[in-house]
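[1] what follows is a predicted protein model with its sequence.
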Amino acid sequence: MLSRIIGASFRAFLVALLFVTPALMLPLISSDAIEIILLFAFFAACLVLIEYGSAYPSIIEFRDAPPFNRLRFLAIFLAVFSLSVITRGQFAPNAFTSFLQTLGIVVGEFIDFPYSPVRLMVLMLPSDASPDLIQAVRTSSGLSYLISLLTLAIFYFYVRILGWPARKGGFNVWINLPLFDPTTRGDVLPRLHRDGRLNIALGFLSPFLIPAIVGMVSDLIDPIYLEDPMTLIWTISAWAFIPLSLIMRGMAMTRVAEMIRENRERAYAAARTMQTV
């Protein structure tokens, strides 16, 4: 019990740190923005503390199947931290900010080809956007996309090479998929495969759909003000993290379906062996 509370408290601290990182690194943050950030950090930390401090699941999936959530958190934290460092370089440049900015520029220009996700993010900007804003969006998008691709490659290695999540013992579907009810709507295998493929498809389409949706919404309401550093950091980070999270969830659900199928085949083989004895 004590170890679970300590682990939940540490996770809650890391989540709170994620939310306050841009405010800690960027200068000239208004007091109203700081209050809103602290409020979000408090509620997110409370959610994580309650979820991981309890023996029973509620909404967080794969909480007992590391490193699924650890990789997702690491990806969003690295994206937010890297973009905060690049933005801070506009006010207090140093070697580290220059390195990340150069890396983002190289990756952004490499990915910025017609109909690419980065090109769509640039086209999402208003026609009167300044060259500096266009370059900042391209750089941030390229770096965030690179982090997402590397995280996805690491998770694929865990799933296909290391046999996640079965390599550390059994897998509890109820604990790791609390929102999935295996007792309704027929066999779980087709449902898991269908949900997994749907999440993977949405994950691949999201980098293209999000800029289009934001552009359509901006025609109806006030457009997103990406010239604000905080807005730029969180918008680009969310744009890169949402597809990553969907694809990882789809891969995980497909893997769970494969594990259930393999266990069924072994059980059926054992039953046939017993019948022939």
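    Looks like it arrived, so ask away.
[2] point out where the stretch 151-277 of the chain drops to low pLDDT.
    Along the stretch 151-277 of the chain, segments meeting pLDDT under 70 span 167-169, 217-224, 277.
[3] look up phi and psi at residue 161.
    Torsion angles at residue 161 (phi, psi; degrees, to the nearest 10) stand at phi -100, psi -50.
[4] report the buried residues of the helix or strand where residue 108 lies.
    In this assignment (DSSP states H and E), residue 108 forms part of helix 95-111. Across helix 95-111, burial judged by 16 or more other C-beta atoms under 10 Å covers 97, 100, 101, 103, 104, 105, 107, 108, 111. Yep, even glycine has a C-beta here, placed from its N, CA and C like the rest.
[5] before we move on, what about stretch 171-190?
    For stretch 171-190, the neighbour count (16+ other C-beta under 10 Å) marks 171, 176, 177, 178, 180, 188 as buried.
[6] apart from its chain neighbours, what residue comes closest to the first one?
    Residue nearest to residue 171 in three dimensions, not counting chain neighbours: residue 165, with 5.1 Å by C-beta to C-beta, 6 or more residues apart in numbering.
[7] I'd like the next helix or strand past the helix holding residue 108.
    Using DSSP H and E, the helix or strand that follows helix 95-111 in sequence is helix 117-123.
[8] the longest helix in this protein is where?
    helix 229-276 (DSSP state H).
[9] and residue 53, what does it touch?
    Neighbour list for residue 53: 4, 5, 8, 9 [criterion: C-beta atoms under 8 Å, 6 or more residues apart in numbering].
[10] quick check, nearest of those residues to residue 119?
    Lowest distance from residue 119 to the contacts of residue 53 (C-beta to C-beta) belongs to residue 8, with 41.7 Å.
[11] helix or strand for that closest one, which one?
    Going by DSSP H and E, residue 8 is in helix 2-25.
[12] quick one: average confidence on that helix?
    For helix 2-25, mean pLDDT rounds to 92.
[13] what of stretch 57-67?
    Mean per-residue pLDDT for stretch 57-67: 86.
[14] please save the CA atoms from it in PDB.
    What follows is stretch 57-67 as a C-alpha-only set of coordinates in PDB (Å, rounded to 0.1, in the frame of the first residue of the first chain):
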ATOM      1  CA  PRO A  57      -9.000   1.000 -12.200                       C
ATOM      2  CA  SER A  58     -11.100   3.900 -13.400                       C
ATOM      3  CA  ILE A  59     -10.200   5.500 -16.700                       C
ATOM      4  CA  ILE A  60      -6.400   5.300 -17.300                       C
ATOM      5  CA  GLU A  61      -5.600   2.300 -19.600                       C
ATOM      6  CA  PHE A  62      -2.600   0.000 -19.500                       C
ATOM      7  CA  ARG A  63      -1.600   1.300 -16.100                       C
ATOM      8  CA  ASP A  64      -0.300  -2.100 -15.100                       C
ATOM      9  CA  ALA A  65       1.500  -2.800 -18.400                       C
ATOM     10  CA  PRO A  66       4.700  -0.700 -18.500                       C
ATOM     11  CA  PRO A  67       6.200   1.000 -20.500                       C
END
